[in-house]
Structure formats: C-alpha cells, structure tokens
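In: sequence first, then the predicted structure, then my questions.
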Amino acid sequence: MRVVILPSEADASNFAAGFIEDYICEKQDAVLGLATGSSVLLTYETLIKKHQESTLSFQNITTFNLDEYVGLKRYHTQSYRYYMKQKLFNHIDIDQKNTYIPECFNDDYQLSCNNYETSIKSCGGIDLQLLGIGSNGHIGFNEPTSSLSSRTRVKTLTKSTIANNSRFFKDSEVQPSIAITMGIGTIMEAQNILLLGLGKHKSKAVADLVEGPLSSFCPGSVLQNHENAVIVLDQEAASELKLYDYYVHTEKMKLKYMC
Ligand code: F6R
C-alpha cells in the first residue's frame, strides 16, 4: 500500500487528477471505476480543466460507478447518475453510452446486480478504481461487517451513512436507506486502486484502513491486501496515522531514487 500525504485538499486532489491523467495517457481505452460524494469533487473539477486546457481525452474511456441509491427516479437531482452528469460527464468528451451506473429502476434488483457484474467483466474488468472512504470505514456502500468477498448487491445503509449524506437532501425530499453497490470482492478485482481521504473527520477511518487490523468492521482495511493501492491523504485525514513520518519519508525516497 502506497500512502501519499499532501499538505491540503487541493494538493491531494491535484495528485489524484494527475494520477488518473497519467493512467489515461498510457491507456486511452481504460476502464475507470468512479465514486461520488465530496472527496472526489475537486479531482473531477481538475480533470475537467485538464480536458479543456490540454489534450486529455475521455473519448475511448468506459466508466463504472460504485453505487446508486434505490428508490430515486433516474435523473433525480440526488441520484448518482445526475451527480456524475453534473460533476463530470457533461463537461468532458466521454461517450455517455459507455458510462455505467447500477440500475435501480426496475423491481428485479438482483438481475440489475448480476448484469452489472457481467458488464464489468465484458469490458475486461476495471483498470483503475477511484474511491472515497466513509467516516465509518465503508468503501462504495459496503458498510461495516460487509463480506470482504461480496459482489454487487443491494445493501442497507447504516444510520451514520444516512446522517452523513443527509446534507445533500432537502427537508422535503425522502432520503433512500438502501442502495446497490459494487461488492468488496468486485472492487478488489480492479487492477489499481486510488483512494482519496480528506479532512479531520476521516482521520479515524483512514488510520483503521491503513494501520488497523484487516477487518470487515472497517471495510476499507481490505485494501491492505491489494497489490496496487494508492491512498492519497491531506494532512488532516492522515493525522491519526502512527507511521505518519515514515510515509512522508518513503515518498521523498521515491522521488529521489525512482524518478
Ligand atoms: C460514493 C461512495 C462512498 C463515498 C464515501 C465518502 O460513490 O461510494 O463510499 O466515497 O461515503 O463520501 P464523501 O466523499 O462525501 O465523504
């Protein structure tokens, strides 16, 4: 696991956007796994800027989002399909036919989940999966005690996740309490993982993820078992790491000897 600690949210997001850009330059038809939420917002803004100001193209890119709420209409303003259009897809040259988000609009959720897994496989699997981390340690909507080998499925959200995400919903709007999410086993099959942890409120989850015991109680800790996981943090999110200085030192050595 590579742990990159940067001074601010802007620096961390810039690093993440640069990492994705480099990946796309190497593999122009890459399959990206994408996340929603606050942590990835600045990364998406930076990617849009890079697309507008340079030759970065998403024309041959395919994307799979981690999750979608069950119970919202397709283009509801809180749906993740809407989020992705507003925050990224409408501003880049991606073919929106190649942007997959779990379908939660028919009654056969199991079929949707199976289809999602099949689509990922038929596109050759995910090359680079972008993740955030919930303050309870979830990745995707795999809440604490999720099976570490789970596949795409319907998941009941915890009270803390519902409370954390209530900031996106108006008082008059009904907030869903279930979602379809890629499973932890699905996420772990991505060739590369890039996780962004930003802010003091993520510091405990980040410490559990990086240094805690590998446990389904902190689903993110499963990434300790991934060969190519890069954890990008701002200083606040990194503040509870016991080996903070070591991670900073390791990155400096990398710059000195590997560039
Ligand atoms: C979003 C997702 C979630 C978020 C996590 C962090 O698609 O799957 O795991 O990444 O809840 O959310 P923010 O970034 O809003 O703190």
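Out: Thanks, I have it.
In: for Tyr100, grab phi and psi.
Out: The phi/psi pair for Tyr100 (degrees, to the nearest 10) reads phi -100, psi 140.
In: go ahead and confirm it touches Asn115.
Out: No - with contact defined as CB atoms under 8 Å, Tyr100 does not count as touching Asn115 (9.6 Å). Where C-beta positions appear, they are placed from N, C-alpha and C, glycine not excepted.
In: higher neighbour count, these two?
Out: When neighbours are counted by other CB atoms under 10 Å, Tyr100 comes out ahead of the other of Tyr100 and Asn115, with 18 against 15.
In: beta partners for that one?
Out: According to DSSP bridges, Phe64 are recorded as the beta-bridge partners of Tyr100.
In: give me the nearest residue to Thr145, chain neighbours excluded.
Out: Across the structure, with CB to CB, 6 or more residues apart in numbering as the measure, the residue nearest Thr145 apart from its sequence neighbours is Ser216 (5.1 Å).
In: cool, Phe19 as well?
Out: Leu194 (5.7 Å).
In: how about the helices in the chain?
Out: Shown for the chain, the helices assigned by DSSP state H span residues 9-26, 41-53, 80-87, 109-122, 159-165, 184-188, 203-211, 244-258.
In: and of the ones you listed, who's closest to Ser150?
Out: Taking CB to CB as the criterion, helix 184-188 is the member of the helices of the chain that comes nearest to Ser150, at 5.1 Å.
In: please save the CA atoms from the closest one in PDB.
Out: Listed next in PDB are the C-alpha coordinates belonging to helix 184-188 (Å, rounded to 0.1, in the frame of the first residue of the first chain):
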ATOM      1  CA  ILE A 184     -15.800  -5.500  -1.900                       C
ATOM      2  CA  GLY A 185     -14.800  -8.600  -4.000                       C
ATOM      3  CA  THR A 186     -15.700  -6.600  -7.100                       C
ATOM      4  CA  ILE A 187     -13.700  -3.600  -6.000                       C
ATOM      5  CA  MET A 188     -10.700  -5.700  -5.100                       C
END
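In: per-residue confidence at Cys259?
Out: Here the pLDDT value assigned to Cys259 is 51.
In: let me have the helices of the chain in JSON lines, extended by distance to Val222.
Out: Written out in JSON lines, the entries for those read as follows (distance: least, CB to CB, whole Å):
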{"stretch": "helix 9-26", "distance to Val222": "20"}
{"stretch": "helix 41-53", "distance to Val222": "22"}
{"stretch": "helix 80-87", "distance to Val222": "22"}
{"stretch": "helix 109-122", "distance to Val222": "18"}
{"stretch": "helix 159-165", "distance to Val222": "18"}
{"stretch": "helix 184-188", "distance to Val222": "6"}
{"stretch": "helix 203-211", "distance to Val222": "9"}
{"stretch": "helix 244-258", "distance to Val222": "19"}
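In: quick one: contacts for Gly132?
Out: Applying CB atoms under 8 Å, 6 or more residues apart in numbering to Gly132 gives the contacts 35, 37-40, 139, 195-197.
In: residues contacting the nearest residue to it once chain neighbours are set aside?
Out: Leaving aside its chain neighbours, Gly132 sits nearest to Ser39 (3.8 Å; criterion: CB to CB, 6+ apart). Contact partners of Ser39, counting by CB under 8 Å, 6+ apart, are 132-133, 196-198, 202.
In: mind redoing it with 6 Å?
Out: Listed by CB atoms under 6 Å, 6 or more residues apart in numbering, the contact partners of Ser39 are 132, 196, 198.
In: from the ligand, how far off is it?
Out: If you measure Ser39 against the ligand using CB to the nearest ligand atom, to the nearest Å, the figure is 3 Å.
In: what distance do you get for that residue to Asp108?
Out: Computed as CB to CB, to the nearest Å, the Ser39 to Asp108 distance reads 32 Å.
In: got any ranges where the stretch 151-259 of the chain has weak pLDDT?
Out: Along the stretch 151-259 of the chain, the model assigns pLDDT under 70 to residues 258-259.
In: and the residue lying closest to Leu195 once chain neighbours are set aside, how many neighbours?
Out: With sequence-adjacent residues excluded and distances taken as CB to CB, 6+ apart, Leu195 is closest to Leu131, at 4.2 Å. Here the count is done by other CB under 10 Å, and Leu131 has 25 residues near it.
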